[in-house]
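Student: Following is a predicted model, sequence given first.
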Amino acid sequence: MSESELRPRVFVASLIQPGDIVLTTTPELLSQRIRKVTGSDISHAMICVGKSSVIDSTGDGVHARNLERLILEPGCAGHVLRPVNPLTTDQLRSVISFVRTAVGTRYTMTGAAKSVLAGFVAGRRQFCSRLVAQAYRNAGVNLVSDADFCHPGELLKSVALVEVPNVLRILGLEEEADWREDIDNVQAMRNSTNALLREARKLCPEIESLNDIDAYLVDHPERDAHLVEALLSSRYLELWRDEFERNSWQYNVALMEGHKGSEERKQRYCEELLADEELCQNRFIMNHAGYVTMNTLHPRQYFAMKVELYDILTQLHARRMKAATAWLERRGLLESAPREPLRPHTPEWFTSLREWNPKQAAITEAAIQAAGSSDVCSVCADCPVRDYVLMSMPATGPGTLRLCDDCFRIRSVDEPMRFF
């Protein structure tokens, strides 16, 4: 037998890109049955959504997992597939958005069993290969003949996909113990999400994903207190603290310099973080804007707490980006690109503000329209006005304002700014 058949293997995460399809199997009896029925060497499918992060559907629902913690036991196959025709940026965003939106959706064993049959109606619940095929179909790419009922073996044989070579390596004896003992940090998020959804399903059994909770609460404001309690008891709002403490070196360039990890590992982390940011829309900013709008139209404490959560997550993400950028710049691996302030009331300014605070953007646009001029205060629509930039630029949003003297005096107490 070859060494690869005798030793466990792991994925080379640096070779796997967002949108790639990861296929695996395990020695478990269920996996063996799936492989026997489908005539394939794999039994499970996942989609890569970012740096070492995959999303899949298993018995505990649709959730994210750490690709670098997946171990293929001896004799178990693993493949990584990529579209023959590369996805456009919009298609890739569509694929990733589809699977992220499905997080929390329950697994359907019945649907998975029927995936090798035909003539059934697909429900809203998920199983691994359906999630993958539907995500691609949502982006206009058909991987299999029936995205609602397909099995991992069909994905492996899809003519729309090509296999990525050399994505597996043998797990060395010395590092195996560390890999097996290292906790799956994403498990806490899976547990918390499922706890929140269990409470929500007590109110409405049809709720599948987190987005379903939002829609339900819009129509049932009397359930706000119950869902707020579920949000608190699940620790959903507190998980960022655990992540911050566990990886504090990622949020400060000085701590990053002193971190025990190798230079190669740090460089890969920083470059992949910046690459993910350039490729995919920042989901923290998008979610913040969505909940700002939701809470404006349908005021709920649950929505307000989500606004606060995504405000924190956006600030923390900005700190990670700043630290990673600074670390690369210090080594001449990235050219410095200072952030230029946006002139207030320009199209670019409104785009930036709308991404972060659509409510404020709508108020300012209405004020300008009523005044018939853009040379009015961003807050109260009075004039004369001057343009100001915040002394401490925010993590997101334009960071500039057009203010009358009264609004400047009020705002500058808590937000120091200068004329520009």
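Tutor: Alright, I've got the coordinates.

Student: can we go C-alpha only for contacts and neighbour counts from here?
Tutor: OK.

Student: The helix or strand of the chain with the lowest mean pLDDT: what's the following helix or strand?
Tutor: The weakest-scoring helix or strand in the chain, judged by mean pLDDT, DSSP states H and E, is helix 109-113 (a mean of 58). Using DSSP states H and E, the helix or strand that follows helix 109-113 in sequence is helix 128-138.

Student: now for that following helix, which elements pack on it?
Tutor: With contacts defined as 3 or more C-alpha pairs under 8 Å, 6 or more residues apart in numbering; DSSP states H and E, helix 128-138 has these neighbours: strand 44-50, strand 53-58, helix 89-101, helix 152-157.

Student: what bits of the stretch 151-300 of the chain have low per-residue confidence?
Tutor: 181-184 (pLDDT under 70).

Student: Please, where are all the strands along it?
Tutor: Using DSSP state E, counting those that start in this stretch, the strands of the stretch 151-300 of the chain run over 161-163, 168-170.

Student: can you tell which of those strands is closest to residue 54?
Tutor: Closest approach to residue 54 among these (C-alpha to C-alpha): strand 168-170, 15.9 Å.

Student: Show residues contacting stretch 129-139.
Tutor: Contact with stretch 129-139 is made by 21, 44-47, 56-57, 91-92, 94-96, 98-99, 142-144, 147-152, 155, as judged by C-alpha atoms under 8 Å, 6 or more residues apart in numbering.

Student: before we move on, the earlier item: export the helices and strands packed on helix 128-138 to a markdown table and tack on mean neighbour count and distance to residue 178?
Tutor: Conversion of the helices and strands packed on helix 128-138 to a markdown table gives the following (neighbours: other C-alpha atoms under 10 Å; distance: least, C-alpha to C-alpha, whole Å):
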| stretch | mean neighbour count | distance to residue 178 |
| --- | --- | --- |
| strand 44-50 | 26 | 23 |
| strand 53-58 | 24 | 19 |
| helix 89-101 | 19 | 29 |
| helix 152-157 | 21 | 30 |
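
Student: Adding distance to residue 317, write these out as CSV.
Tutor: Below are these laid out as CSV (distance: least, C-alpha to C-alpha, whole Å):
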stretch, distance to residue 317
strand 44-50, 14
strand 53-58, 16
helix 89-101, 18
helix 152-157, 34
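
Student: between the ones you listed, which one is nearest to residue 252?
Tutor: Nearest to residue 252 among the helices and strands packed on helix 128-138 is strand 44-50 (21.5 Å), distances taken as C-alpha to C-alpha.

Student: Adjacent strands (with direction) for the closest one?
Tutor: strand 21-24 (antiparallel), strand 53-58 (antiparallel) (DSSP bridges).
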